[in-house]
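In: Build me a model:
(one chain, ligands or ions: 1)
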Amino acid sequence: MTVSINVAGNSELSVCINLEGEEPWTISGHCPSGLETRAKEWVRLGVQRVFQRAYQLTPSPWGTLTGVRPTKLVHSLYDDGNSWPEIKETLQTLYGLNPEKAELLVHVAQGQRAFFHPNPNDPIGVYVGIPFCPTRCSYCSFAAYPLGTHGHLLKGFLAALHSELKGIGALIRELGLKVESVYLGGGTPTTLVGSDLGDLLDLIRHEIFTQETIEYTVEAGRPETLSLESLQILKDAGVQRISINPQTMHDQTLQAIGREHTVADVHRAFSQARQVGIPIINMDIILGLPGEELGHVEHTLREISRLGPDNLTVHSLSLKRASRLKNSRSEVSIAHAQGEAMVHMARDVAFSLGMTPYYLYRQRHILGGLENIGYARPNQSSIYNVQMMEERQTIIALGGGGITKFVAPDLTLFRHANPKCPAGYSQQIKESLTEKVAQLRQHLTA
Ligand code: SF4
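Out: Next up, the predicted model:
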């Protein structure tokens, strides 16, 4: 294959991709600026088109976009002065997206603009990671340590986390920071029970909340960790949003992926959460789990529809490097051909529940090259999810595996990572906190 790039008169660009035995693919146009970037984009598109034609490959619905956060491209095109229809056109002609994905991206990005603030450090968000779970799911790549093997580290971890909360709380007050949203994730924070959970939630409110805090979320993903008592603790602490994640409504699949809870647990936890009055409940599902076909997904969605959550997050299975499932590609291959149909089925159910897509991301090795989509009913989108995904707000992360993202006014990023393992976190908290506070102080007062 040969690739020819020509520039005439400083701004007339042409690209030609030639594969032996095939018609050459050519494109040309006027590029007053960004010649190098445009040349790379055309080469990528041309190479993809030529190979699709030569080997009768099915075009990827996402064209040449391979990044985790495709909405960031849409936002930067909008910031450059393009209109929404122009962006939709560019996504199709320059990046090769199919019309449905271009429409989806633009719809999501349009809705997200309302969440953006002129200054990425005013207000900020806060994340707190609890790296414990009842068991480890086979597809998991997060900081999640089973209580059975790592429970002895919990006490030391909580003591370290309390000291980190106090340190960051002091900095928030010293610098007069405004905190918009607080998200307790992990892991599964509701593996904590009784006073461990209540004290932590209260300490977060006391140290981290400011007058501007309008969202408090707890990831309660594993339904077997929830009881009327723990849900009441969440409610009393002012938690407004939780996630109860079935992933599938099939007991056999739940066992196969190492979740060790049942569909009945999902129903019980959901009705208890409604009973105590948690305002917003999200449910996560995963499309393409081992052994699951369209019929399984249809059943899962029917059950979820009956429960009627306020948010629905639809993941397409991704075989991540740190997961046990990565070695079982053959077990999950059934779903690949049906991925798009599963995505459509989930979308239709979300629409029927009055939801629309509000955030979106992709992963490597994801089912059918598809995407993960968060749906929400009107005015029930998670602020934190949007800010975390779009990286237009500084988010201070505490706890195990928390990755603080400092966002500069020009939207460049730099990160600070806490140790993932609870033992390492407890041992290194003093140095890690000192380093992070110094970095934050420098970033936020620059
Ligand atoms: S519940 Fe979530 S964090 Fe915990 S093991 Fe499963 S996927 Fe990982």
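In: CA atoms for contacts and neighbours, from now on please.
Out: Noted.
In: just checking, residue 425 touches residue 163?
Out: No: here residue 425 does not reach residue 163: they are 11.6 Å apart, not a contact under Cα atoms under 8 Å.
In: Which one's more surrounded, those two?
Out: More neighbours surround residue 425 than the other of residue 425 and residue 163, with 20 against 14 (other Cα atoms under 10 Å).
In: how far is whichever strand or helix holds that one from where the chain is centred?
Out: Here residue 425 is covered by helix 422-445, with elements defined by DSSP states H and E. Relative to its chain's centre, helix 422-445 lies at 24 Å (Cα atoms, centre = their mean, to the nearest Å).
In: Summarise which helices and strands that helix is packed against.
Out: helix 154-175 (3 or more Cα pairs under 8 Å, 6 or more residues apart in numbering; DSSP states H and E).
In: and the helix it packs on, how far from the chain's centre?
Out: Mean-position distance between helix 154-175 and its chain equals 25 Å (Cα atoms, centre = their mean).
In: And it, what's buried?
Out: 154, 157-158, 160-162, 164-169, 171-172 (16 or more other Cα atoms under 10 Å).
In: what inclination does the helix or strand just after that helix have with respect to helix 154-175?
Out: For helix 154-175, the following helix or strand on the C-terminal side (DSSP H and E) is strand 179-186. Between the axes of strand 179-186 and helix 154-175, defined by axes from the mean of the first three to the mean of the last three Cα atoms, to 10 degrees, the angle is 170 degrees.
In: next SSE after strand 179-186?
Out: helix 194-208.
In: partners of the very next helix or strand once past that following helix in the sheet?
Out: Next in sequence after helix 194-208, counting helices and strands by DSSP H and E, comes strand 215-219. Strand 215-219 sits in its sheet next to strand 179-186 (parallel), strand 241-243 (parallel), going by DSSP bridges.
In: Dump the ones you listed into a markdown table; add mean pLDDT as well.
Out: Converted to a markdown table, the strands paired with strand 215-219 look like this (pLDDT from 0 to 100):
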| stretch | mean pLDDT |
| --- | --- |
| strand 179-186 | 97 |
| strand 241-243 | 98 |
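In: Relative to residue 82, which of those strands is closest?
Out: strand 179-186 (29.1 Å; Cα to Cα).
In: Pull out the buried residues from the closest one.
Out: Across strand 179-186, burial judged by 16+ other Cα under 10 Å covers 179-186.
In: So what touches that strand?
Out: For strand 179-186, contacts defined as Cα atoms under 8 Å, 6 or more residues apart in numbering pick out 122-132, 142-144, 208-219, 383-384, 400.
In: run the last query once more with 6 Å
Out: Strand 179-186 has contacts (Cα atoms under 6 Å, 6 or more residues apart in numbering) with 123-131, 210, 212-219, 384.
In: Please pick out the residue of this protein most distant from its centre.
Out: residue 9 (44.2 Å; Cα atoms, centre = their mean).
In: ok, which residues in the chain are in contact with the ligand?
Out: Proximity of the chain to the ligand, by Cα under 6 Å from any ligand atom, involves residues 133, 135-137, 140, 142, 144, 186-188, 221-222.
In: Now do the helix holding residue 425, average pLDDT.
Out: What helix 422-445 shows for mean pLDDT is 94.
In: All further residue positions should be reported with the first residue as 472.
Out: Yep, numbering from 472; the last one is helix 893-916 now.
In: Check the residues of the chain next to the ligand and tell me the two furthest apart.
Out: Maximum pairwise distance in the residues of the chain next to the ligand, criterion Cα to Cα, is 14.2 Å, between 613 and 693.
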